[in-house]
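> dropping the sequence and predicted coords here.
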Amino acid sequence: MFKIQVGDDGIVYLSGRLDASQVEAAEAVLGQVTQSTVADLSGLDYVSSAGIGVLLGAYKRLSDSGATLRLINLSPRVKTVFHYAGLDTLFPLE
Amino acid sequence: MERRFPRDIGALDSIFQFVAGFFASAGIDASQSFTVDLIIEELFTNMVKYSRDGVHPISIQLEQVDRDLIIRLVDFDVEPFDLTQAPEANTSLPARERKIGGLGIHFVRQMADRLSYEYAGRNSTITIVKRLEG
C-alpha cells in the first residue's frame, strides 16, 4: 500500500510501494508543492520507473522555478533503482 | 506457474501477489522478489501502454530452473513490439534535461541476465532469465 503525506514539518513522507498504479496519488500531493522541499523516502519499500518519473517531474518543475526537491533516507534497494536510472549522483539524494 | 492478468495497470497488486506466492511455494527468499517485481512491472506496463490493439489478458509465467528464474510474458493477438530493440535511455544527462519515461526497458536490461523477444502467430513473447542469489 502506498501513502504520501505532507508532515507538520513540511517534509513530504512517502511509504509503501510506488508503482505505476500509484502515480496519480503521488502526483496529487507533489503537484501541490511549490517551494524547495525535502521528501523522506525512509518508508518506501519499492519504486519503479513510473515512480521515478513522478519524482523527476516534481524535481524538474521545482528546478524551473528556482526551487529544489531533495530526497532523503532512501533504503539500499530504492537507492539501487535510482542508480539504475543514473540519477543517484545527479538528483540531490542523501 | 502461469496466470493471466487483465491489461490494466490496476492489475499490478495481483501480479505482485502472484510473484510472492510463487516465491513462497518455490522456497525462494522473498527479498529477491524486489527485482522480479520491478522487471515484471516494467514489461507488463509497456505491453499495456504500447500494444494498444491488444484486448486479451497478458500471461505471466514463472519457472525456476536450477538457480535461474525464467520470467515469461505473452501478449496475445497483437502487432509486434520488440522491447529489446528499444533505444537505450540516456542516463548520463543531468536530471533537469531528462525525459520522463523511457527508463523501464533500461531497468530490465540492467537487471536481467538474459532477455529475448519472439513474435509468432500474432503473439509477442518476452523471456527474461534472472539468476537467483545464494
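Alright, I've got the coordinates. This structure is a prediction, so every number in the text was calculated from the model and none was measured. Residues are numbered from 1 along each chain as shown, chains lettered A, B, ... in the order given.
> longest helix in chain B, by residue count?
For chain B, the helix with the greatest residue count under DSSP state H is helix B:33-50.
> check whether it contacts chain A.
Yes: against chain A, helix B:33-50 shows contacts by CB under 8 Å from any CB of the partner chain at B:34, B:37, B:38, B:41, B:42, B:45. Using the backbone N, CA and C atoms, a C-beta is placed for each residue, glycine as well.
> count the neighbours of the second one for me.
I take that to be residue B:37. Close neighbours of residue B:37, defined as other CB atoms under 10 Å in any protein chain shown, add up to 19.
> next one: the fourth one
Around residue B:41 there are 27 other residues, counting by other CB under 10 Å.
> so for the longest helix along chain A, mean pLDDT?
Counting residues, the longest helix found in chain A (DSSP H) is helix A:49-64. Averaging pLDDT along helix A:49-64 yields 93.
> same thing with stretch B:11-26?
Taken as a whole, stretch B:11-26 has an average pLDDT of 97.
> list the contacts of that stretch.
Here stretch B:11-26 makes contact (CB atoms under 8 Å, 6 or more residues apart in numbering or on different chains) with A:17, A:19-21, B:1, B:3, B:5, B:28-30, B:32-33, B:36-37, B:40-41, B:44-45, B:60, B:62, B:64.
> among the residues of helix B:33-50 next to chain A, which pair sits farthest apart?
B:34 and B:45 (16.6 Å; CB to CB).
> how about the residues of chain B near chain A?
Checking chain B against chain A by CB under 8 Å from any CB, the hits are B:9-10, B:12-13, B:16, B:34, B:37-38, B:41-42, B:45, B:91-92, B:94-96, B:98, B:100-101, B:103-104, B:106-107, B:110-111.
> the strands in the chain, which residues?
Unless you meant another one, I'm taking chain A. Per DSSP state E, chain A carries strands over the ranges A:3-6, A:12-18, A:37-47, A:69-72.
> my bad, the chain I had in mind was chain B
Going by DSSP E, chain B shows strands at B:2-5, B:58-65, B:68-75, B:114-120, B:123-131.
> deepest in the core, which of the ones you listed is it.
For those, the largest average neighbour count (mean count of other CB atoms under 10 Å in any protein chain shown) is found in strand B:68-75, namely a mean of 20.
> so what strands line up beside it?
Strand B:68-75 has its sheet partners listed here by DSSP bridges as strand B:58-65 (antiparallel), strand B:123-131 (antiparallel).
> buried members of the residues of chain B next to chain A into PyMOL, please.
In PyMOL syntax, the buried subset of the residues of chain B next to chain A is picked out as below (16 or more other CB atoms under 10 Å in any protein chain shown):
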select buried, chain B and resi 9+12+16+34+37+38+41+42+45+91+95+98+103+104+106+107+110+111
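> which ones among the residues of chain B next to chain A map onto helices?
In helices, defined here by DSSP H, the members of those are B:12-13, B:16, B:34, B:37-38, B:41-42, B:45, B:104, B:106-107, B:110-111.
> how near is the closest residue to residue B:6 other than its chain neighbours to residue B:2?
Distance criterion CB to CB, 6 or more residues apart in numbering or on different chains; nearest residue to residue B:6, sequence neighbours excluded, is residue B:57 at 5.5 Å. Separation of residue B:57 from residue B:2 (CB to CB, to the nearest Å): 11 Å.
> same thing with residue B:101?
Looking at residue B:101 against residue B:2, where the rule is CB to CB, the gap reads 29 Å.
> that older thread, and the longest helix of chain B, how far from the chain's centre?
Centre-to-centre, helix B:33-50 and its host chain are 4 Å apart (CA atoms, centre = their mean, to the nearest Å).
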